[in-house]
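A.B. asks: coordinates only, sequence not included:
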């Protein structure tokens with residue numbers, strides 16, 4: 001199973017939109033996907049048509065209680081299940097503050113689930129996509145301790161570059177001390193307006209940063225800026241209010257086209273990674 005956390009410490013950059021539509025696009029391509037909503041706002045949960053609190057077990061019960069990932073899983077479409085969020089998640093960092101191994105609880109739950117462990121079961125997952133909150137606290141730390149890769153949605157403006165550096169610092173710390181497998185998969189430019197000089201310059205600056213840094217940490221040395229730009233599209237903003245992905249709400253829109261292309265890039269990167277592992281073996 002390929003596990004990807006979608007993270008950015010800044011809100012309003014397309015993080016949840018990317019988490020949901022990437023997960024749905026992968027599911028539509030035939031991959032079995034588990035979407036985990038770790039944001040107390042529960043926007044990813046709502047986005048796939050699940051009402052927070054309608055299921056007796058949520059991500060809070062998985063992290064702060066003893067519930068399994070399977071007990072919290074809710075079907076959300078063909079090849080897709082969601083582990084829903086709940087407002088109670090906002091209290092998780094307090095309730096877990098004195099708990100031993102608090103940063104690895106999600107990892108433990110994933111390892112205990114045969115659908116995630118690579119076991120030969122009919123409903124085994126190909127992907128897990130974790131929607132992180134817009135902060136770098138204990139919830140995001142749990143996600144990064146449990147996954148293989150981080151995908152960073154980035155709005156193309158200059159202040160976003162500061163957020164990029166802070167996230168890279170966090171990835172380095174987690175990779176050095178908690179999860180040595182962790183890698184930055186890449187940056188997805190969201191809310192992109194191709195006709196503006198600002199978007200072009202920021203995209204070029206981010207690409208130059210990854211290509212030319214002399215002090216690249218192994219956790220992000222191989223990161224790329226995805227070729228797909230997620231264009232600013234009103235349909236992407238409207239879809240969550242209907243509890244639908246962009247593929248159900250506006251399948252002919254630019255948003256659907258862009259996220260299908262991004263999912264293909266992510267899937268191709270995963271395939272290349274698996275091939276590299278086989279060659280190394």
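C.D. replies: Nice, I can see it. What you are looking at is a predicted structure, and each value in this text was computed from that prediction instead of being measured.
A.B. asks: Residue 16 is in contact with residue 47, correct?
C.D. replies: Yes: the pair residue 47 / residue 16 is scored as a contact, 6.5 Å apart, by CB atoms under 8 Å. C-beta coordinates here come from the backbone N, C-alpha and C atoms, glycine included.
A.B. asks: Overlap of the contact sets of these two?
C.D. replies: Contact with both residue 47 and residue 16 is made by residues residue 240, according to CB atoms under 8 Å, 6 or more residues apart in numbering.
A.B. asks: quick one: low-confidence parts of the stretch 151-281 of the chain?
C.D. replies: The stretch 151-281 of the chain contains residues with pLDDT under 70 at 160, 213-215, 270-281.
A.B. asks: Tell me which stretches of it form helices.
C.D. replies: 160-177, 197-212, 234-238, 246-249, 254-280 (DSSP state H, counting those that start in this stretch).
A.B. asks: Redo those as a markdown table? Include mean neighbour count and distance to residue 4.
C.D. replies: Formatted as a markdown table, the helices of the stretch 151-281 of the chain follow (neighbours: other CB atoms under 10 Å; distance: least, CB to CB, whole Å):
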| stretch | mean neighbour count | distance to residue 4 |
| --- | --- | --- |
| helix 160-177 | 17 | 13 |
| helix 197-212 | 14 | 18 |
| helix 234-238 | 16 | 20 |
| helix 246-249 | 20 | 18 |
| helix 254-280 | 16 | 7 |
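A.B. asks: would you list those helices in TSV and tack on distance to residue 34?
C.D. replies: Shown next, in TSV, are the helices of the stretch 151-281 of the chain (distance: least, CB to CB, whole Å):
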stretch	distance to residue 34
helix 160-177	21
helix 197-212	29
helix 234-238	22
helix 246-249	18
helix 254-280	15
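A.B. asks: So residue 109 sits against residue 71, correct?
C.D. replies: No: counting by CB under 8 Å, residue 109 stays clear of residue 71, with 9.9 Å between them.
A.B. asks: Now the common contact residues for these two.
C.D. replies: Contacts common to residue 109 and residue 71, judged by CB under 8 Å, 6+ apart, are residue 62.
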